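Undergrad: 3D model of this:
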Amino acid sequence: MTSPIYTVTMIESPIALLVALLPLVGGFFVMGMNSDSGSTNVKTVSIWTSCCTLCLALTTSRLHNLVNGGKYAEKINLSEACERWVTVDGFSAVFVPIICIVCLMCMLWIFKEDDVTAKIRRAMIFFFEAFAIAAFYAADAFLLFIFMEAATIPMYVMMSIDKNHTPYAIFKFLIYTISSAFLALVALIMICSEAHTSNIHEIYKAGIKNHIAFWILSIGIAIKMPVWPFYNWLPVAHVKSQTVCSVMLAAISLKFASLLIVRFVEPLFLNELIANTVAISSISIASIICALSQLIFQDDIKRVFAYFSIIHLNMYLMIVLGNLGREYFIFAIAQHSVLTTILFFVTDMVKTSRGTRLISELRSMNTIPTFTKRVAMAAFLLLAAIPSSCNFICEVISVYAAWRVSVVSVVVALASILISSIYAIHIYHVCFSGKVEQESYDKCTNYSVLNAQKFVILSLMAIAVILGIYPNLIFKMF
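TA: Sure, this is the predicted structure:
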């Protein structure tokens, strides 16, 4: 993986700062509104604020692309006052719009919710979005850490107000998150102490030779990513979480590990990374094998998708180890966010229409609504990495990267792709291939609540196909 280019482009525009502040303001505004007399106003403010944030994020990404001619720029100072913490590079230009898209889709997904916790849930989505955007735009190591960990607070609140969540799942989520944060903080303190600055760009110029910081940070990333033996907390958190919470966890929170890799591990410790490729790839291979071995014995579709997520993330780690280039790694995690969002939303549609997510129960039902069957088929085809999907491109890239790492890595990668793809098709055949006996079943269920959800699913699937056909939408940012 090539080192960053240390060019600085000055532009007089506060747009990136507005992208981070707008959802924060929206969250406080929603919290201050009277939900009893104006629930419609709460929904309207939530959707329009999310749309405006997405438009500003796309404008910032486009501005980055125009100013730098599509090349990777290490820093864009959007205003002199924000010089220490606002940065727009290829990574943030790609991923911040994805954060905004995911949060907008979450707002649309819960559009019909009117219970007492709906307003809190919408506000927490805004706060989470603001902290996540700020973390990806941060040019200061400690501010990056603060924003990244602050995003845990709204996630915890959303888990706590969910009546289906258990104290055990929340405790497991918190203990692993706090452990990862502690290790990352220790590593960042060591890095900043050696460089005598917390500005990320100045740290790059100073260079870091502390090998202990590399290993401490790597363990923190391993917990957050997660890899073996730390990944067991993730399926538990997903299964016990409300749908939008699972979506934000898989699509955004897990990508904070990738943020640490791109911002610190790859630019500062590339030599250590290459020197320890065998050890790190062995852990990644163990993670894939363990997750795959547990995947085929799961009965809950949501837990199945959680293990698929772990397998894919560990495969994409091969792209870093294979030294292919950060643009390929960022493309892979971007499509992972889109794919996991689709999978968890489809799971919620199945649960809503049939009252269960269990494979053993779904196999005996052949009255799945037509629309649900169709989107489920599309989701499982995307999961199985059919050609023209972005997942297909990522698996090809991962196999090539694994081949550059070792023969064992490429064998495991190919075997996991084959087995997981066959199993994905098998699950669809078992659960959704039965003949629909009651075409009127669509009318029996309350499909008025799914109008916005249909738009969400179809939009995300369109994004997945567009990225699969035209991946240069992301690659041209570098």
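
Undergrad: So what's the residue count around the spatially closest residue to residue 216 that is not a sequence neighbour?
TA: Counting by CB to CB, 6 or more residues apart in numbering, residue 216 lies nearest to residue 187, which is 4.3 Å off, once chain neighbours are set aside. To be clear about C-beta, it is placed using only N, CA and C from the backbone, and glycine gets the same treatment. Neighbour count of residue 187, defined by other CB atoms under 10 Å: 26.

Undergrad: My guess is residue 187 contacts residue 221. True?
TA: No: here residue 187 does not reach residue 221: they are 9.3 Å apart, not a contact under CB atoms under 8 Å.

Undergrad: Tell me which stretches of the stretch 1-150 of the chain form strands.
TA: Using DSSP state E, counting those that start in this stretch, the strands found in the stretch 1-150 of the chain span residues 8-10, 75-77.

Undergrad: For these, which has the smallest mean pLDDT value?
TA: Set side by side, the strands of the stretch 1-150 of the chain differ in mean pLDDT, and strand 8-10 is lowest with a mean of 41.

Undergrad: What about residue 407, how many residues nearby?
TA: When neighbours are defined as other CB under 10 Å, residue 407 has 9 of them.

Undergrad: Tell me the confidence at it?
TA: At residue 407, the model reports a pLDDT of 86.

Undergrad: just residue 439 next, same as before
TA: For residue 439, the model assigns a pLDDT of 43.

Undergrad: Going forward, count from 22.
TA: That works, and once the first residue is 22, the last one we named lands at residue 460.

Undergrad: what about residue 381, how many neighbours?
TA: The burial count for residue 381: 11, using other CB under 10 Å.

Undergrad: my guess is it meets residue 322, correct?
TA: No: Residue 381 lies out of contact with residue 322 (CB under 8 Å); the separation is 10.8 Å.

Undergrad: who's in contact with the residue nearest to residue 237?
TA: Contact partners of residue 208, counting by CB atoms under 8 Å, 6 or more residues apart in numbering, are 234, 235, 237, 238, 241, 285.

Undergrad: Could you do residue 215 as well?
TA: Residues counted as contacts of residue 215 (CB under 8 Å, 6+ apart) are 227, 229, 230, 231, 234.

Undergrad: tell me the phi and psi of residue 408?
TA: phi -60, psi 150 (degrees, to the nearest 10).

Undergrad: residue contacts, it?
TA: residue 489.

Undergrad: Now do it, the pLDDT please.
TA: Per-residue pLDDT puts residue 408 at 83.

Undergrad: where are the low-confidence patches of this structure?
TA: Counting by pLDDT under 70, the ranges of the chain that qualify are 22-34, 56-60, 85-107, 184-187, 385-390, 454-471, 498-499.

Undergrad: did I read that right, residue 319 in a strand?
TA: No: counting by DSSP: H, G, I helix; E, B strand; the rest coil, residue 319 is not part of a strand but coil.
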